[in-house]
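*Asks:* Below is the sequence, then the predicted model.
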Amino acid sequence: MSKSKREADITWNYCDNVPPNRLQVKCKFCSHTCWGGIARMKQHLAGTKKDVIPCCSVPDDVKDIFVKMLKGKEKKTEDGSFDCGGDLSREVTKGKNDLQQMTINATYKNREDVIREICSCIYGNALPFNLVRSPLFIQMLKAVGEYGKGLKPPSYHEVRVSYLKKAVDNVKQGLEKYKTDWEKWGCTLMCDGWTDGKGRSLTNFLVNSPSGTVFLKSIDTSDVIKDGKKMFELLDSMVEEIGEDHVVQVVTDGASNLVAAGRMLMEKRTKLFWSPCAAHCLDLVLEDIGELPVFYNTISNAKKITTYIYRHTWVLNLYRSYSNGRELARPAVTRFATSFLTLNCIKQQKNALRSMFASEEWATSPHANKSEGKQVMNLVLSDGRFWRSITYCLKCVIPLVKVLRLVDGDAKPAMPYIYEAMDRAKEQIAENFQKIETRYKKVWKIIDTRWNLQLHRPLHAAAYYLNPR
């Protein structure tokens, strides 16, 4: 393009060439680059979505210029002139000086003011920063921007009543497509209990099918959670609501009241199966193993170490200087698994702990002369009995924790794979002790009692999905 033609086209006020490619241009507002020269850049600035993505930062007055320009091209007259409309003609005759008033700096300043207000709202209401990554947040801002000036904010009543009811109705409408799959493939009713900040026992009911998992409802079960018969009646009513012919199995945790409720449910609804949650069963396995004397004593001693270190700031800082910032406490998928993972952390930091308690800094500190400090130091610097017990415990439970991560992770494997994983875990425990049965016999017995007896039926229900109606 000649220099004179380039200067005559106002598009060049809002884009630049990308050397050395003459046909590649870059938008000054959003820095988007595209091929095809300014012809495609005009589509980009006008937001037509024709062969190029629209600009997300172009000012409205600039966008209007290019929208009118493109419409004018569509109305091109036979003599080659353009019917761009009076508004566009006036804009062009103003010359570059007027068009360049909307500079990049001014555009950035306007955006900065808006972003500052958005951030003030987030900071002032202690909202999580991840909110800005939410598609709903982005969609909201786009809707506000497209509305333009004069938008009246929603009232408290609209947020709390009017539009909340509309949102609930929309969710119910979206649920209909899932109900169709329930009728076709069958589904699983899942029951999950939890306690809120007010101490209420709430139970969530969810429905799983090949099309996905949906939340059905949440009920305050504070008055009935301990009563097996009442929980049976609640589960039975949920099955009735979904449709008995559509429910393949009902999954709850393995608490005694829900075990009783599940058995009563199977007696009444002979076409479905009840099964406890695999993750909860594994949690109970770990709980029972933790009650064995060697496990109980080892975990108690480990807690003494972590509690003492984290309760005293000076000791904690000293430990961190020897561990290079590595912590002892570790989060886990369940509360009983946490104890065993803490044992693993203590084992990994054995050298750091022993070096700390053998250091001159510790020996000359006031903590070294106190009974609690001496007790913890003796545990860490013992002749090896404490450390041998940790190794023994981990050989027994780490294979089980791996299965727990499998069943409690985001990827939900089918029950037959979980059974296989549990069998492999048992074999791994045996191999960890060179298959000397006396060393792992009690652990195997607990696994068989909790796992095999409670989770025997789901194989039939899982197979149901392989042969849908």
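*Replies:* Received, thanks.
*Asks:* Please name the nearest non-neighbouring residue to Leu381.
*Replies:* Of all residues not flanking Leu381 in the chain, Phe357 sits nearest, at 5.6 Å (Cβ to Cβ, 6 or more residues apart in numbering). For every residue, glycine as well, the C-beta is placed using N, CA and C.
*Asks:* so how far is Asp423 from that neighbour?
*Replies:* Here the criterion is Cβ to Cβ, to the nearest Å. By it, Phe357 lies 42 Å from Asp423.
*Asks:* Kindly report the same for Ile219.
*Replies:* 37 Å.
*Asks:* before we move on, what about Thr306?
*Replies:* Taking Cβ to Cβ, one finds Thr306 at 34 Å from Asp423.
*Asks:* neighbour count winner among these two?
*Replies:* For Thr306 versus Asp423, the count of surrounding residues by other Cβ atoms under 10 Å is larger for Thr306: 16 against 11.
*Asks:* Measure how buried the closest residue to the more buried one other than its chain neighbours is and give me the count.
*Replies:* What sits nearest to Thr306 in space, not counting adjacent residues and going by Cβ to Cβ, 6+ apart, is Leu328, at 4.9 Å. Residues within reach of Leu328, counting by other Cβ under 10 Å, total 19.
*Asks:* go on, Leu206?
*Replies:* As a burial measure, Leu206 scores 16 neighbours (other Cβ under 10 Å).
*Asks:* ok so it is a helix residue?
*Replies:* No: secondary structure of Leu206 (DSSP: H, G, I helix; E, B strand; the rest coil): strand, not part of a helix.
*Asks:* hey, what's it bridged with?
*Replies:* Leu206 forms beta bridges with Met190, Phe215, as assigned by DSSP bridges.
*Asks:* ok, so what distance separates it from Thr252?
*Replies:* Leu206 is 12 Å from Thr252, by Cβ to Cβ.
*Asks:* Need the overlap of contacts for those two.
*Replies:* Common contacts of Leu206 and Thr252, defined by Cβ atoms under 8 Å, 6 or more residues apart in numbering, comprise Met190.
*Asks:* pLDDT averaged over stretch 421-435, what's the number?
*Replies:* When pLDDT is averaged over stretch 421-435, the result is 90.
*Asks:* Sort out which residues of it are buried, please.
*Replies:* Judged by neighbour count (16 or more other Cβ atoms under 10 Å), stretch 421-435 contains these buried residues: Ala421, Met422, Ala425, Lys426, Ile429, Ala430, Asn432, Phe433.
*Asks:* go on, stretch 395-411?
*Replies:* Those buried within stretch 395-411 under the rule 16+ other Cβ under 10 Å are Lys395, Cys396, Val397, Ile398, Pro399, Leu400, Val401, Val403, Leu404, Leu406, Val407, Asp408.
*Asks:* so who does the fifth one touch?
*Replies:* So the one you mean is Pro399. Arg424, Ala425, Lys426, Gln428, Ile429, Asn432.
*Asks:* What of the second one?
*Replies:* Counting by Cβ under 8 Å, 6+ apart, Cys396 makes contact with Ile289, Phe295, Ile429, Asn432, Tyr440, Val443.
*Asks:* mind exporting the host helix or strand of it as CSV, just the C-alpha atoms?
*Replies:* Counting by DSSP states H and E, the element that carries Cys396 is helix 385-407. Taking Å, rounded to 0.1, in the frame of the first residue of the first chain, the C-alpha atoms of helix 385-407 are listed here in CSV:
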residue,chain,number,x,y,z
ARG,A,385,12.3,-48.3,68.7
PHE,A,386,10.1,-45.3,67.8
TRP,A,387,11.5,-45.1,64.3
ARG,A,388,11.1,-48.9,63.7
SER,A,389,7.5,-48.6,64.8
ILE,A,390,6.9,-45.8,62.3
THR,A,391,8.3,-48.0,59.5
TYR,A,392,6.1,-50.9,60.6
CYS,A,393,3.0,-48.8,60.6
LEU,A,394,3.7,-47.2,57.2
LYS,A,395,4.3,-50.6,55.6
CYS,A,396,0.8,-51.6,56.7
VAL,A,397,-1.2,-48.5,55.8
ILE,A,398,0.5,-46.7,52.8
PRO,A,399,-1.0,-49.2,50.3
LEU,A,400,-4.4,-48.5,51.8
VAL,A,401,-3.9,-44.8,51.7
LYS,A,402,-3.2,-45.1,48.0
VAL,A,403,-6.5,-46.9,47.4
LEU,A,404,-8.2,-44.2,49.5
ARG,A,405,-6.8,-41.5,47.1
LEU,A,406,-8.1,-43.6,44.2
VAL,A,407,-11.6,-43.8,45.4
